[in-house]
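Enquirer: Below are the sequence and a predicted model for it; my questions follow.
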Amino acid sequence: MAARAAYILRDNSNGHITKASPTLYPHQWSWDAAFNAIGLATIDLARARLELDSLFAGQWRNGLLPHIVFDPNADGYWPGPSQWECSAHSEEAPSAPATSGIIDPPVHAIAVDRILAIASSVGGPELARTEAWARGIYPKLLAWHRFLARDRADKETGLITLFHGWESGTDNSPRWDAPYAGVEVGPGLPLYERKDKAHVSDVGQRPTDHEYDRYLWLVEEAKRASYSSGLLRQTGSFQVGDVLSTAIFACASDLLASLATRLNKRDDAAELKDYAAQARAAVFCHVDEASGLAADVDLRTGAWLRTETIAGFAPLIAGGMPLTLRRRLVSLLLGPRWAGHPSLRFALPPSTSPCSPAYDPSCYWRGPIWPVFTWLLTWALTRSGEYTAAAALRSTSLKQLADETFGEYYHPVTGAPLGSLHQSWTAAVALDWLLEEE
Ligand code: 2M8
């Protein structure tokens, strides 16, 4: 399986970036790149470092790390550079490489930490090279975290603000149904033809045209606001506080603070610990007592969004949870509302609880199991000392991936791979899990 996964990462590489998938996503996505770099580190540390360097080549002057860095030689994805037109609309955007103008969840410091850990186990000159590289990429990571703290931490809730569902990485998750219901497509939405539907066996596995109109309208809104968070807070018709991105920001800020300490940057470390503490507190403040899950907030109405999605496990990812709350969440995760639901082919948590009326087992982020998300959970569980739960999810995931198609997501009941096959981040997390199993 490791060899097959490694071949997929090699085949999806253009030499310096890894396409998120061979045809559906032929460019570099930001959070995909971080997971891909973790997988690459298990086989080729130099290539892992290059993956993140290539991603950060697209960083904006204000620290924003865009959710896509486009490969100028790749085609077949829409919306592409001529729809985003970032450098024409914002002085913060680089003129090359072409990028999108929105963000992805900030998992990058997790990747750097994992790459350093893998390099430490190798030792020798590779470790020295990786340490020197970490010193070089550190200021870019710091600028990214400062951007999030400055431009995206919501003053009221403390949660990371998103202006597009794509920014959550969980695009059409039912967690965003209520805020999207308030998005009205205005005049001036250019005519467009979707390209994504050509790359899946059944269009029911992708978001609907109705949803795509809203996705594209939000890109128009962002352009009209010059991709400025300040302006979007006044004009954006989709504004949510995302508990998952906030939790990731909390643990990533902790890890970056440790790197700052290692590099003797004490003031930075204190600043980053402060970001982590504030983000973690914001996540814990949004735990719904009744369900035990964290709830996102529609910042335009103030309403808590309580749909039972996998993002509700954000407190586990944030880390530093009181033991009783942590035990409750782990039991919930493995219990009958989630991974232990009797209908499931593999005991793994689906993206929406099978007990929720919003659950759709074959549609994208509305129900299928995403191995990359399971990896994030196994990583977080290990970090907080929940080794048994982490090992159970890891070994079950490896069984789920045994057909070696490395699907983008999986049908929870039939176990069939869905969406794109040969998805890079699925291959990448398999490599990391296999390293752990050794
Ligand atoms: C999916 O999102 C893109 C838009 O960013 C798409 O559907 O076109 C999501 O699963 C996202 O989380 C992921 O980063 C991206 C590439 O794998 O695909």
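Expert: Great, that's in hand.
Enquirer: For the rest of this, base every contact and every neighbour count on C-alpha atoms.
Expert: Noted.
Enquirer: mind checking how far residue 362 is from the ligand?
Expert: As for residue 362, its distance to the ligand is 14 Å (criterion: Cα to the nearest ligand atom, to the nearest Å).
Enquirer: Surely that residue is in a strand?
Expert: No: with DSSP: H, G, I helix; E, B strand; the rest coil as the criterion, residue 362 is assigned coil and is not in a strand.
Enquirer: Test my guess that it contacts residue 204.
Expert: Yes: applying Cα atoms under 8 Å as the test, residue 362 and residue 204 come out as touching, 7.3 Å apart.
Enquirer: More neighbours: which of those two?
Expert: Legend: neighbour count by other Cα atoms under 10 Å for residue 362 and residue 204, higher for residue 362 (24 against 13).
Enquirer: who are the neighbours in contact with the more buried one?
Expert: 204-205, 368, 410-411, 418 (Cα atoms under 8 Å, 6 or more residues apart in numbering).
Enquirer: which of those tops the neighbour count?
Expert: Most surrounded of the contacts of residue 362: other Cα under 10 Å gives residue 368, at 30 neighbours.
Enquirer: pLDDT score for the closest residue to the ligand within the chain?
Expert: In the chain, the residue that lies nearest the ligand is residue 169 (3.3 Å; Cα to the nearest ligand atom). As predicted, residue 169 sits at a pLDDT of 98.
Enquirer: burial measure for it, as a count.
Expert: Residues lying near residue 169 (other Cα under 10 Å) number 20.
Enquirer: how about residue 113, secondary structure?
Expert: Here residue 113 is recorded as helix under three-state DSSP.
Enquirer: tell me which element the closest residue to it other than its chain neighbours is part of?
Expert: Leaving aside its chain neighbours, residue 113 sits nearest to residue 255 (6.8 Å; criterion: Cα to Cα, 6 or more residues apart in numbering). Using DSSP states H and E, residue 255 sits in helix 243-262.
Enquirer: quick one, strands of the stretch 301-438 of the chain?
Expert: Taking DSSP state E, counting those that start in this stretch as the criterion, the stretch 301-438 of the chain contains strands spanning 304-305, 409-410, 417-418.
Enquirer: would CSV of these with mean pLDDT and distance to the ligand be doable?
Expert: Compiled in CSV, these are given as follows (pLDDT from 0 to 100; distance: least, Cα to the nearest ligand atom, whole Å):
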stretch, mean pLDDT, distance to the ligand
strand 304-305, 98, 20
strand 409-410, 98, 9
strand 417-418, 98, 12
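Enquirer: what about dumping the CA coordinates of the top helix by length along the chain to PDB?
Expert: When the chain is parsed with DSSP state H, its longest helix is helix 124-147. Listed next in PDB are the C-alpha coordinates belonging to helix 124-147 (Å, rounded to 0.1, in the frame of the first residue of the first chain):
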ATOM      1  CA  GLY A 124      22.100  13.200  10.100                       C
ATOM      2  CA  PRO A 125      22.300  15.800   7.300                       C
ATOM      3  CA  GLU A 126      18.600  15.400   6.400                       C
ATOM      4  CA  LEU A 127      17.700  16.600   9.900                       C
ATOM      5  CA  ALA A 128      20.200  19.600   9.600                       C
ATOM      6  CA  ARG A 129      18.700  20.500   6.200                       C
ATOM      7  CA  THR A 130      15.100  20.300   7.600                       C
ATOM      8  CA  GLU A 131      16.000  22.400  10.600                       C
ATOM      9  CA  ALA A 132      17.500  25.100   8.400                       C
ATOM     10  CA  TRP A 133      14.500  24.900   6.100                       C
ATOM     11  CA  ALA A 134      12.100  25.300   9.200                       C
ATOM     12  CA  ARG A 135      14.100  28.400  10.200                       C
ATOM     13  CA  GLY A 136      13.500  29.800   6.700                       C
ATOM     14  CA  ILE A 137       9.800  29.100   6.400                       C
ATOM     15  CA  TYR A 138       9.100  30.200  10.000                       C
ATOM     16  CA  PRO A 139       8.600  34.000   9.200                       C
ATOM     17  CA  LYS A 140       6.100  33.100   6.500                       C
ATOM     18  CA  LEU A 141       4.100  30.900   8.900                       C
ATOM     19  CA  LEU A 142       4.200  33.700  11.500                       C
ATOM     20  CA  ALA A 143       2.900  36.200   8.900                       C
ATOM     21  CA  TRP A 144       0.100  33.800   8.100                       C
ATOM     22  CA  HIS A 145      -0.900  33.400  11.700                       C
ATOM     23  CA  ARG A 146      -0.700  37.200  12.300                       C
ATOM     24  CA  PHE A 147      -3.000  37.600   9.300                       C
END
